[in-house]
Each structure stands twice: as C-alpha cells, then as structure tokens.
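Visitor: requesting a structural model of the entry that follows:
(2 chains)
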Amino acid sequence: MSDLWKFSQIPYIEESTFNKVLERFYNFGISGLVRENVQNSLDGKLPGSSEPVIVKIETGTINQQFIPGLDGIKDRINCLKGRNSYTIETIKHMENKMCNEIVNYISFEDSNTKGLKGALNGQSDRTEDTWSIYAYNKGVHTVENDANLESQRGGSHGIGKIASNAASDLYMMYFANCDEDGNQHLGGTVQLIEHNFEGSYYRSTGYFTDAKKVDTQTSKFYPFSNDFHEIFRKDNRGLKIIIPFLREQFNDEKEILRSVCDSFFVAILQKKLEVIINGKVINNETIIEYVGNPEYYIQSIPDLKEVFTPLYFETYMNQEPISLEIPDMSQRYKFKLYFNYNDEIAKGRVAIIRTIGMKIEDKKINGNVNKPFNAVLMPESILEDAFIKSLENESHTQLSYDHIKDQNIQKNAKRFINNISREISAVIEQAIKKNNPTDGVMNTSDTLYLIENQFKQDLVHSTPTVRINIGGKDQTVVKINPEARKKRTEGSKSKSNKQNDDNEKQKRKKRRNNSENNEENLTRLHAQPEKVERVIISNNEFVKFDLSDIEELKKSNTCNISLSVVDGMGKEYANEFNIERNYEYAMDRMTGEKLTLEKNLIKNLKVNNGIVQIELKLKEQFNKALKFVYYVEV
Amino acid sequence: MIYKKDANFPYPLLTNTSNSYNDCNFSLDIDLRENSESYRFEVSYDLKSSFISRLLEENQAQLILVIQSKDNKFFELSTVDTFIEITKSRISLTERTQIQLLIQSKVEISFVDNNDLNSFYQVYKSEIIVPKNSILGFSNSVIFDGSNAKPLELFEKKVNPNLKSAIKIELGVETIIIHYKNEEFQFVDSHISNKLNNPYIYMGLQKALLQFIYNNCEDGEEEVDLVRMDVPSDGLDLKLYNIMQHKLVEDLSVENIDEVIYLISDKIIEKYTSAIRGLYS
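Guide: Sure, this is the predicted structure:
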C-alpha cells in the first residue's frame, strides 16, 4: 500500500524549501480556507439550476489508520532534509503530528454543483477534463467554455487548492469527486520538499493516484475509484475536500461560521448559497440568527471597529441601492451602492462584493476611514464584475494594481481604484451635509442635558414568606405586600384567610432535605419572622410563635422547633448552630414542663390556639448577637 | 450591608414587616440629583415610633444610610440634613445599587420607656437592654433603576450672509441663537461638526449667564443666590435657572461663571479638543 502516493522523479534536488504559497495561506487562517473552498463550490454551480449551491462543512476526528496511504507519506516525511531553520522546524512539526493516533479533520462537501469531469481519462491535456487539471496541475485553473461564466467565476489565480494543503499539519488534502454519471474517485495532493527517497530524487508535490504504463518509457496517472472510509466518500454529484491533520488553530467552529457570513452573506441572502456547518444551517432565513447574535458578532454599533458584517448586513437589507458610475481611463462602469449614514458608526467601510455574492474587501475610502457610514458596492453586470475580478489580488482579499504586470493596464487599474474612492467620497460628503442642516436647533445632546434618575422600592424583600416543607419541598403559604400590610396595621387587625389561598400557589423553593424529619414523616414549616417574637433577658431567652393561621397546625396539638442562623445579608446557615450545645434547658411556658433537646430539635411543644411559647436557659458560650429563623415541624 | 431578609433578633426591631412594634413603619425614599462633579442623594423617610424618634433626637441613636454598589458605603445622616453629597469618583451607580436606612444605637439603650412595643415585649421591656452599636431598625431598600439623559434645546443656529461680523451670538426669547456669516463656519461638511462648534456653545453660555446675572442680581451685587432668588420670568433665564437648580449650582457670579458652565454641561472643551486631535493624529 506504500505506493498510493506518487512523486515524480527528478535528476537532483534544486529547491529545499516548502512552497511559499503554503505560508501565505497559513497566515490567512481558517477564514482563508473557508473562503477558498466555498468560492470554488460557488464556481462549480450546476449551469441552469435555480437551486442554491450547498456546502456542508464538517469537523471531527478520525483514526489515522483510515487515512488512505498515510504510511507512504510518513516514509517520505522521514526522508525530508531541511536546509534552513524554518524548513527544519516545519519537518519536525510534521514528524511530531504524524504519530497521533486520532487526528482532526475538516471536510467541505458541495452539492448542486458539477463536480469534476473526465476522471476516467486520467492525466489529460483536454481543457474540458477538469479532473486532470484539478488533480495533477497546480497554479492552473479550469477555463469555462462559456465566456460569461468564466468572468463571473470567483477564483482565477489557480492557487486556491493549496489553501487546503496549508490547513493540514502534514500539508495534505484529499478530494472526492462524483461526476454527472456517478463515477466516484478519490484524489489528493501533498506538499513536501524535494527529497531523496530510496536512492532517487523526487519532486516536492505528491499525488494520491494510481498510474498505468502507457508504453515502456512513460506512465500516466489515473485516479483510484473511491471505496475508502466514509469520511472520504462522495456519493452524489459534486466535490468533497477532506483535510486530515487539521491544524489546531484552524479547528474553530465559531470562526468557520463567521468566515462564511463575513465573505458570503450576499450570496446567502440572494439564495445562491446555503452552508451547513456541523448541522447548523445558514441560509437566507437563518443567517440573521448568527449575524444578529452577540455570541458570534459584537452588536453594539459604536464597537464595530474590525469586523463590519452586522453593519453590511443591515445596510444591504434596509437601504435602497443608488446607481453609481465609476470610470477608468476609457469607459464608465455601473455599480449599485447600498449606503447607510449613522452617527453611531465608528469606522466607515465599503464592502466590495462580486456578483457571485462574495465580499472581496472592507474597503477604506481615503480621508473617510473614521466617518460614520457603511456601504455595500456591487457590480451591475458581468462587465463590471469581470473588471473587478481582474483587480483582485491572489488571495481575493483586496482590489489592487500591484499584481498587474502590463504598465498601461496597471495605470488604468490604479485610476479606477482611485475613482472608487472619489465617487464614494462624494456620496459620503453629501450625506454629511444632509445631516448637518445650516439652520435650526443645534444638536447639543452630548454636552447639555438633564439626567433623570429613577429608583424603585425593593418589594421582593419586604414580602416575607412562610414555607411549609412537604416531601422535601418548601411551599409558600403567606405572602403579604407592604401596601396591604399598611392598611392592616392602620385599620382593623383582622387577618385575611383569603390572602393565604391567593398566595398558596406562589413561589416554590427547594430546600436541602433534612433526613431526620422524613423519618417520622413530619411537615416542616418555616416560621415567618414576623410571627415570632424573641427576646433575651440576661441568660434567658423567651420565644413566642403565633402560628394560628397555618392550617397544618390546627390538626395537631404538639410540634417540634428547629432554627438556623442568619447573617446580615440574609444568608442562612443551616448547620451552624447546635441547640444542645447552646441551651442549658428549654421549658414550655404553657405547661411549665422541661422539653427534650435532641437531634438539634426542641421537641414536643404544646400548641394552644396556634400559640407556642418557650423559655430557654442559655449556656455560657451562647452568642447573644445571633439572629435566627425558625422552623416548625408538625 | 443591606438587610434583605427578615430574621429574629434577640430584641424587638423596627422594620416595615415585623410586629415587634405596634403600628410600626420605617419607609425610605430617595431622590438623586447630580452635576458633572458629584451626586446628591436626597433622603426622605417616614419613621413611626416616638421611642426611636426620641433616641435620634437625643443623639442616643444614629441614622445610617447604606449604599451598596460593588461594596458597602455607610454615611451618617443627621436628622436635620436630608441629603448626602458624594463625588462621582467615589461611587458608581449600577442597576444593582441598593440603598437602605438603618438605625444604630450609639449607647446602651434601655427599652423601659418604649411604649410602642407589642404586648409580648411590653411584659419584658423593663429588662430589655440593647448594647451600643446594635441595629434598632431598618427601612425598606430602594434600588437604583437607571437614568436617562434628556437633551436640552437651548441653542439654535442660522446662516446669515448679511452679518456685519463672522459670527454673532444672539440671546433669543427661549434660546441662544448663533448666527454664522458663512455655512463653512459651521463645518457643515464634517461629520463632527457638532463638536467643532463647541467653542461657540461655550461663548453662548457665557453671554447668556452674564445676562442672567444682570437680570437677576440685587442692586449693586454682581452675584445671584440661586437658592433664594425668585423664579425668573424671562423664558431663557428660566431655562438656565432650571438647569442650574438641577445641577446643584447654588450661586452665580461673574467670577464663577466658568465653573458654573463646567457643572451644568458635559465636557464641552474636552470633547472639542479630542475631536480636533482626532483630525490630525
């Protein structure tokens, strides 16, 4: 199985470093990877279909034994010889990572797309055999036969594939293809350095492919048909990219989701694209749940200073586009500008969007980077789109003229890019003037104002409760609001039983269960502090309970009492106070009899018309400053 | 700390909810005013117990205002003063800020003369002695419920090409009107034109306050006592009077006019400075 990966032989080693593009894409991080792959899927849309392209992004782990041909790659990595510290370090990192038994992966699977064509032809020179171009050439992108489609495509530099290699610790990636006729193949590439393996020299790039002898001198690549592990399978038409050994810093679901929204919100809103990330569906209806969610994006407008997606989203959704003509040296291009002026916006940016619905950059307009506006600029037609495409840099993240070699074209590009700034500046200036009328009330709201402070009475705390404990749950039976109370104390003193009924359903609160209470199947009542009178006179404590309005007590003529210490904040300490250790004795004032103090309870008190009275003799260590709440067991 | 939950103290306590006192009531209400320097909590309370009231009058007990924000702050409150002033740097108000009034004993207190107690305590009252520094009662707590800023319509602007000066500040019936000879002087093409006009706002306030002194001072004095003066009848003066009252300004004179502007406004010059800095840095 060690020959699943093919490296071409070379006469000697010329170049001992890794492909520079790997480092560039590595620096773009997960967002660069997501961008490249989703864009490729959009480019592969089935012609004539009105369905959105669906990209399923999944992350997870796989045992390394299921990664096809991994042993072959490990053998190669073990032969790599670095010539500078950077290369040595990279090889070391690969050697470290390749031993992991369980490895992370990410996959991008598209549908409603064409997939690659001509896999059965293997290595081929025919331009329509897209499999051959994708699988065996780098830096070449497939040219569409239809010129219209060609100009709308997102990719154009032909290096996007390598973004997937960059995301892997071993610089390896696989692609599973299912074509129009249901042919399923698996290919892959790995980016190493030129190396000596078993006495021969080999190129840096390896291909996961089969090969057939054409004649005695030459052989030709043909792909493996796909019967590998299910993660590597692609059963319906389209392409699936699988990247094993996903770098740890790339493995961030939130960041993947944000990258999708940042770059493709227009494509999603226009129903050209739907992305499913580990089961989370992002389409034109659900995207707002992410863009408008503080878990994913800052929502406060003045704080949006680096990522502007929530602003673009709002601008695009709520503003009517204005037509904007931007000239280069020979002609005028038509654009739609969605423009929003809002004093709260801290940084002014323009999203430049391609017709496929992908954002190229957050363009800064000269002299307006801190102006309170937000805008989305889109081409009106393919003509403008093609021109914009020609200005994109290699990684599709900026309009630039630096990459253009022809002096005249470069000059024209420079002129056009400057004109974008000029035209949009004019729109901004107009908006500012409109927002600064010369006559009328001056807006001094940031310097001259009156502050009105409001307070509310804390009603919650002034509504004490009595709780009954049945089967471990405390139930509120009395709740008095201060207004009702006021009336009662000012007027008649009759007690309202109706109020008890009204409040019976209120507030339920769990309490720790006291196991001893359940033994005898007793009901435990929290004695409302206002129903308890307590006083300490030298070494005697007198406590009186008025429990006459509690139904449960009417059936019984004795009860037990327990108590908890309460601190200044109202926090209860259930086990802090020990009755037996603090009281010499307790006496029932009704009967004059001494009471049993046992298991932290004062037992068998007489209830007389709901009234219970105790006299307690304090021991020396009793802290007279303590505050209590009482519980009554019936 | 704020007493949030009732508990049984080993002696009778005056609260809104306990029955220890007959007809007991101890309620608190707070009003808050502020200027750019400080907060003033105006405290009003209703205490229904002649025994406790007498302890306060005779200085045997003390009213303490507790303000609980991130930590607890305690302020002694005399029965005469009804407010507490705190500089803004010492306190931050949030929607969790709670305020409560406590009564604390300053000496050992005998309850023998307390005729406000209920029948249970009446029996024992001759023997009840509460030590020094004990809590005798606490009020309901009051929670800060946020604030909102109400902008003032005090200034108007106009462009008037026939002006004989570059700008002119006119004191109108209810507003201060700034006339500009040219709209450029307003910086209409700048998104921070508001802040760039702050110096004119300052000049306008100065002029209007000078007129306020002129209109409202007693003969020969160059000073107005805002606490004692009659409410002005002039529309613009009335507006200024209300702002100064609201922002706790007590007197206004030619000498303190800049300090008054600082108290009644929010960083006019600072905001201007940072706007200009933003343009060249």
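
Visitor: from A:Gln319, how far out is A:Leu337?
Guide: Distance from A:Leu337 to A:Gln319, counting by C-beta to C-beta, to the nearest Å: 9 Å. (Glycine included, C-beta is placed from N, CA and C.)

Visitor: those two: who's more crowded?
Guide: A direct count of neighbours by other C-beta atoms under 10 Å in any protein chain shown for A:Leu337 and A:Gln319 places A:Leu337 higher, at 19 against 16.

Visitor: that one against A:Ile326, yeah?
Guide: No. Using C-beta atoms under 8 Å, A:Leu337 makes no contact with A:Ile326, being 9.7 Å away.

Visitor: list of residues touching the helix or strand containing B:Ser44?
Guide: According to DSSP states H and E, B:Ser44 maps onto strand B:38-47. Applying C-beta atoms under 8 Å, 6 or more residues apart in numbering or on different chains, the external contacts of strand B:38-47 come out as B:14, B:25-34, B:53, B:56, B:63, B:65, B:67, B:77, B:82-88, B:91, B:93, B:99, B:101, B:103, B:137, B:139, B:248.

Visitor: gap between whichever helix or strand comes after that strand and the chain center?
Guide: Downstream of strand B:38-47, the first helix or strand assigned by DSSP H and E is helix B:50-57. From the chain centre to the centre of helix B:50-57 is a distance of 28 Å (C-alpha atoms, centre = their mean, to the nearest Å).

Visitor: and if you look at stretch B:120-138?
Guide: Worked out by C-alpha atoms, centre = their mean, stretch B:120-138 lies 36 Å from the chain centre.

Visitor: what of stretch A:202-212?
Guide: Centroid displacement of stretch A:202-212 relative to its chain, using C-alpha atoms, centre = their mean, is 39 Å.

Visitor: regarding the chain, what is its longest helix?
Guide: Here I'm looking at chain A. The residue-count maximum for a helix in chain A (DSSP state H) belongs to helix A:407-435.

Visitor: not quite, go with chain B.
Guide: Max-length helix for chain B by DSSP H is helix B:198-216.

Visitor: which parts of the strand holding B:Ser44 are buried?
Guide: By 16 or more other C-beta atoms under 10 Å in any protein chain shown, the buried positions in strand B:38-47 come out as B:38-39, B:41, B:43, B:45, B:47.

Visitor: so A:Val543 bridges to which residues?
Guide: With DSSP bridges as the criterion, A:Val543 is bridged to A:Arg534, A:Ile614.

Visitor: typed the wrong thing, it's A:Tyr585
Guide: Beta-bridge pairing of A:Tyr585 under DSSP bridges involves A:Lys617.

Visitor: just B:Lys150 next, same as before
Guide: Those that pair with B:Lys150 in a beta bridge, by DSSP bridges, are A:Leu450.

Visitor: what's near enough to touch it?
Guide: Taking C-beta under 8 Å, 6+ apart, we find B:Lys150 in contact with A:449-452.

Visitor: what domains does the record give for chain A?
Guide: A:5-251, A:301-435, A:524-633 (automatic domain parsing).

Visitor: for the stretch 101-250 of chain B, which segments count as helices?
Guide: Under the criterion DSSP state H, counting those that start in this stretch, helices of the stretch 101-250 of chain B are mapped to B:119-124, B:193-196, B:198-216, B:235-246.

Visitor: buried sites along the first one?
Guide: Meaning helix B:119-124. For helix B:119-124, using 16+ other C-beta under 10 Å, the buried residues are B:120-121, B:124.

Visitor: quick one: which of the residues you listed is nearest to B:Asp266?
Guide: B:Tyr121 (53.5 Å; C-beta to C-beta).

Visitor: OK, contacts around the closest one?
Guide: So B:Tyr121 contacts A:533, A:535, B:12, B:20, B:111, B:114, B:128 (C-beta under 8 Å, 6+ apart).

Visitor: now with 10 Å, please.
Guide: A:533-535, A:542, A:544, B:11-12, B:19-22, B:111, B:114, B:128 (C-beta atoms under 10 Å, 6 or more residues apart in numbering or on different chains).

Visitor: do A:Thr447 as well
Guide: B:151-152, B:154-155, B:194-195, B:198, B:201-202, B:205, B:264-272.

Visitor: report the central residue of chain A.
Guide: A:Lys254 (3.3 Å; C-alpha atoms, centre = their mean).

Visitor: re the thing from before, also near chain A: which of the contacts of A:Thr447, exactly?
Guide: The residues of the contacts of A:Thr447 that also fall near chain A, by C-beta under 10 Å from any C-beta of the partner chain, are B:151-152, B:154-155, B:194-195, B:198, B:201-202, B:205, B:264-272.

Visitor: thinking again about what came up before, the helices of the stretch 101-250 of chain B: lowest mean pLDDT?
Guide: Ranked by mean pLDDT, the helices of the stretch 101-250 of chain B bottom out at helix B:119-124, with a mean of 88.

Visitor: mind exporting the C-alpha coordinates of that helix to PDB?
Guide: In PDB, the C-alpha atoms belonging to helix B:119-124 read as follows (Å, rounded to 0.1, in the frame of the first residue of the first chain):
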ATOM      1  CA  SER B 119     -47.900  43.100  74.100                       C
ATOM      2  CA  PHE B 120     -45.200  40.300  74.100                       C
ATOM      3  CA  TYR B 121     -42.400  42.800  74.600                       C
ATOM      4  CA  GLN B 122     -44.400  45.000  77.000                       C
ATOM      5  CA  VAL B 123     -44.000  42.300  79.500                       C
ATOM      6  CA  TYR B 124     -40.300  42.200  79.300                       C
END
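
Visitor: so who does the residue nearest to A:Lys371 when sequence neighbours are not counted touch?
Guide: Leaving aside its chain neighbours, A:Lys371 sits nearest to A:Gly348 (4.1 Å; criterion: C-beta to C-beta, 6 or more residues apart in numbering or on different chains). Taking C-beta under 10 Å, 6+ apart as the criterion, A:Gly348 is in contact with A:308, A:311, A:340-341, A:363-365, A:367-375, A:424, A:428, B:191.

Visitor: so what does A:Gly348 have for phi and psi?
Guide: phi -90, psi 120 (degrees, to the nearest 10).
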